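no sequence on hand, only this structure:
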């Protein structure tokens, strides 16, 4: 498909505007907004057959699809340390889709807007011979010049995730809570101590590689510190290890953050914060690569592989 | 499909936010932006089989599809009397689509950004078993509190269109220029004289009904004043009248404006403006309905029918 060539063209040659602070390549674009505030801007999509299926054992309900579409875009806003203000949504339904399905989809979409108190500002509806797709665009806000990106991690930083990893396919990928509240709390407590952030959509390994490439650093993960989800542990009993799932499963929608060591003091209070924060590694110099210290003590290079969507 | 029920729910019950000035129901949503400026916000989509086809006599090239997707969203920004600042785009390609197609699509998208000098700020790319779709979200700007909507037309206003109508299917629907420059010039010359605006996507008849319903007014069109495109005249020679095409063909992407009579003086200078402005009717009181004065002199009620996309 040449996605890489396309992405390269997109990142190097995309048209600019003087009000654009951050363009293609991070979780969100950033534009100037009101005095003291920046606008973060994101588009994201869920497509039948790739991000959900409508029949079989893993079938999603229309309400879950609506929720997932909106929550997935919110996850990117959270990764920028921002908060959503308004959404627009483009829904494409297969011709002949029952009214009930459209209404349930709508309820899933608006449930997410209501939970995080942002507007559904506009929409476009189409029917076509194609399968279902839901595209969400979000406008959010954060303090001026303070949007988190993938590119600020520094050697010595601690690496954190906001929750247990792996096994998302079991159900979580449809029902997860985007980490908006955690991101807000982390910003409040750590301030400029957050150097970089990404949301884990392609598996920890690939997304950590993304963050390291953008920041031009290396990293080391500690196997003994990785938090596994209950689903990952359950699946591990019948074969694939929880580590493998945590590294390469997709759609965990937890945040991965690189945080200054000096922010440790604030983090030591994390019991009181009730933040779901798990230290999993450190940032190193670029030449060190991305590696994992196994429970056995040995080091191993981490492959830049991750979750492949089903198509 | 219950689109109406969905749209009703969407317009009445959509979640709100204090920064949202205009929500669902107009061409664009409006949010607060910088001091003195508002942010207009829009999502729009083109879907294979509905807005374009990839094979046969009417086949669109990938570049045309990219241009159309972006220009169609720009047309809504123009209808708000605004100017685009940044776009994000979600592209879904059928698995196995050649790289060349993706790159041509991208070139069509960016050609529109470059022509009107706004940023391509972000994107999302997916492949799926589905056909092609391109969703564009746009953020634009206009003077604070001055975004044009569909709801301000007043009895006595003149009705204008920005160009000849009908026959768009012949080619124009893929290659049209969104009326951004005309909108900017009209705003500059007429100021608050513009009371309402809509872009003609569903045919003049249906879009005039939309504008009248939102403004709670009636309207009268004059058949003798309607400007027909060359394509419409050509098609008329082999059957369907140019009037019928102008009233019910879709995707003309001209603007329909309701303008205060006092703005007439400025409009009289239109030769000098080089604005493609055509007076086509007047706004009347709501009870009068939406009618057309035929060339024969008689009046006829205008049906609220318009362009049906091919599915």
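That came in fine, so what should we check first? Please read all numbers here as calculations on a predicted model, not as lab measurements. Numbers count the residues shown, from 1 in each chain, chains lettered A, B, ... in the order given.

only C-alpha atoms for contact and neighbour calcs from this point on.
Will do.

what ranges of the stretch 1-150 of chain A fall below the confidence cut-off?
A:1-4 (pLDDT under 70).

residues contacting stretch A:21-40, please?
A:10-11, A:14, A:16, A:19-20, A:41-42, A:76-77, A:79-80, A:82, A:138-145, A:147, A:149-150, A:198-199, B:33-35, B:120-123 (C-alpha atoms under 8 Å, 6 or more residues apart in numbering or on different chains).

go with 7 Å
A:11, A:19-20, A:41-42, A:76-77, A:79-80, A:139-145, A:149-150, A:198, B:33-35, B:121-122 (C-alpha atoms under 7 Å, 6 or more residues apart in numbering or on different chains).

which PyMOL command selects the buried ones in those residues?
This is the PyMOL syntax for the buried subset of these, where burial follows 16 or more other C-alpha atoms under 10 Å in any protein chain shown:
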select buried, (chain A and resi 11+20+41+42+76+77+79+80+139+140+141+142+144+149+150+198) or (chain B and resi 33+121+122)
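
same question for the nearest residue to residue A:54 once chain neighbours are set aside, what's its three-state structure.
Using C-alpha to C-alpha, 6 or more residues apart in numbering or on different chains and skipping the chain neighbours, the partner closest in space to residue A:54 is residue A:60 (5.6 Å). Following DSSP: H, G, I helix; E, B strand; the rest coil, residue A:60 is assigned to coil.

how far does the helix or strand hosting residue A:280 sit from its chain's centre?
For residue A:280, the host element (DSSP states H and E) is strand A:278-285. Chain-centre distance of strand A:278-285: 18 Å, with C-alpha atoms, centre = their mean, to the nearest Å.

now the residue nearest the centre of chain A: how far from chain B?
Residue closest to the average C-alpha location in chain A (C-alpha atoms, centre = their mean): residue A:199, at 2.6 Å. Using C-alpha to the nearest C-alpha, to the nearest Å, residue A:199 is found at 15 Å from chain B.

residue A:285 contacts residue A:217, doesn't it?
Yes. Residue A:285 sits in contact with residue A:217 when judged by C-alpha atoms under 7 Å, with a separation of 5.0 Å.

list the neighbouring strands of the strand holding residue A:280 plus their orientation.
strand A:158-161 (antiparallel), strand A:217-222 (antiparallel) (DSSP bridges).

can I get those strands in a markdown table with mean pLDDT and mean neighbour count?
Output for the strands paired with strand A:278-285, formatted as a markdown table (pLDDT from 0 to 100; neighbours: other C-alpha atoms under 10 Å in any protein chain shown):
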| stretch | mean pLDDT | mean neighbour count |
| --- | --- | --- |
| strand A:158-161 | 95 | 24 |
| strand A:217-222 | 97 | 23 |
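
beta partners of the residue of the stretch 51-200 of chain A found nearest chain B?
The stretch 51-200 of chain A approaches chain B most closely through residue A:119 (4.2 Å), counting by C-alpha to the nearest C-alpha. Note on residue A:119: beta-bridge partners by DSSP bridges are residue A:86.

how much space between it and residue A:139?
10 Å (C-alpha to C-alpha, to the nearest Å).

who touches both of the two?
With C-alpha under 7 Å, 6+ apart as the test, residue A:119 and residue A:139 both reach A:85-87.

so which of these wins on neighbours?
residue A:87 (30 neighbours; other C-alpha atoms under 10 Å in any protein chain shown).

ok, and the closest non-adjacent residue to residue A:11?
residue A:24 (5.4 Å).

can you pull the domain assignment for chain A?
Per the record, chain A has its domains at A:16-143, A:158-300, by automatic domain parsing.

quickly compare those domains and say which is most buried.
domain A:16-143 (a mean of 22; mean count of other C-alpha atoms under 10 Å in any protein chain shown).

give me the distance from that one to the chain's centre.
The answer for domain A:16-143 is 13 Å, by C-alpha atoms, centre = their mean.

swap in stretch A:159-167?
Relative to its chain's centre, stretch A:159-167 lies at 11 Å (C-alpha atoms, centre = their mean).

contacts for that stretch, please.
A:227-229, A:231-232, A:242, A:245-246, A:249, A:252, A:254-259, A:276-283.
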